[in-house]
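For reference, the sequence and a predicted model appear below.
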Amino acid sequence: MNIGIFDSGVGGLTVLKKIVELMPEYEYVYLADTARAPYGDRSQERVIEFTRQGVSYLMTEKKCALVILACNTASAYALRTLQQEWLPAHFPDRRILGIIIPTAEYIAEKKAAAPIAIIGTRGTVASKVYEKEIEKRVSPLPRLLTQPCPMLVPLIEEGWHTSTPARMIVKKYLRPLKDKQIKTLVLGCTHYPLMAPMIKQVMGNNVRIIDPGSAVAHSLKTYLERHVQIEKKLSKKTRIHWLSTDVSDRTRAVFSRFWKTPQEIKRISLE
């Protein structure tokens, strides 16, 4: 059986990269619902529906023992519903994991210094999901700040994330957080690790940057160590399968920005 990675687009590749770096021995299936991305502008009902379709495909067609929702919106809107209501009725022996809770657990474990700021898309920031999960795990309650950065994803997908205009935009977004002397900055969007060097330069060496991909990778490793019955089922073929609901020249170009080695992307349908 395989490990599935599901995302509305390609940002989840930053999560997959960290997972593969830590655990290269497994067989992975990456599924991007690029035909219907982004999920951030969708209703919660739609996000649940789309995510269910993606997870169902991975578990049925690709025999995934567990699926990581490498999408902040899917993790925020769909994870709990699928875990508690859908999964027990359809795949009781499988598991679905998200990326937000592992990040909150990582912050608590590492005793990240406050004030803590989260940057992300408008949808992620509006959901307050990171604040809710951090508040459950960190005591005393740290000072939490958020900053939406809606222009960063388009810049990254266009390949402009190292440009001078990009730096100007990053400075504008991060200025309020820098003025408040934050100590920890959470990259609350899976695209943002591609801009981490620039973000680090803007914020300075005194600010700790947390990449959720690293938190998810370590959380998954720990999970498999604790759940030996699942780990034993996993294929050890050191291979990645690439799937997308829309395959175009643009899709391939964006994939290549996140994953440098060549890959063949297979188009599939979830409807």
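Yep, it's here. Residues are numbered from 1 along each chain as shown.

Quick check: buried residues in the host helix or strand of residue 54?
According to DSSP states H and E, residue 54 maps onto helix 44-60. For helix 44-60, burial by neighbour count (16 or more other Cβ atoms under 10 Å) applies to 47, 48, 50, 51, 52, 53, 54, 55, 56, 57, 58, 59. The way it works is simple: take the backbone N, C-alpha and C, and place the C-beta from them, glycine included.

in the stretch 1-150 of the chain, which spans are strands?
Here the stretch 1-150 of the chain has its strands, by DSSP state E, counting those that start in this stretch, at 2-7, 27-32, 64-69, 95-97, 116-120, 144-148.

can you tell me which residues contact residue 173?
119, 147, 149, 151, 152 (Cβ atoms under 8 Å, 6 or more residues apart in numbering).

Could you report the neighbour count for the closest residue to residue 129 other than its chain neighbours?
Nearest non-adjacent residue to residue 129, counting by Cβ to Cβ, 6 or more residues apart in numbering: residue 76, 4.2 Å away. Counted by other Cβ atoms under 10 Å, the residues lying close to residue 76 total 27.

quick one: residue 76 and residue 132, what's the gap?
Going from residue 76 to residue 132 by Cβ to Cβ, to the nearest Å gives 9 Å.

before we move on, the earlier item: give me the mean pLDDT for the helix holding residue 54.
Helix 44-60 shows a mean pLDDT of 96.

Packing partners of it?
Other helices and strands packing on helix 44-60, by 3 or more Cβ pairs under 8 Å, 6 or more residues apart in numbering; DSSP states H and E, are strand 2-7, strand 27-32, strand 64-69, helix 72-77.

quick one, which of these is nearest to residue 223?
strand 64-69 (8.1 Å; Cβ to Cβ).

Packing partners of the closest one?
The contact analysis (3+ Cβ pairs under 8 Å, 6+ apart) places strand 64-69 against strand 2-7, helix 44-60, strand 95-97.

Go again with 10 Å.
Packing partners of strand 64-69 (3 or more Cβ pairs under 10 Å, 6 or more residues apart in numbering; DSSP states H and E): strand 2-7, helix 13-22, strand 27-32, helix 44-60, helix 72-77, strand 95-97, helix 212-226, helix 228-231.

Many thanks, we can stop here.
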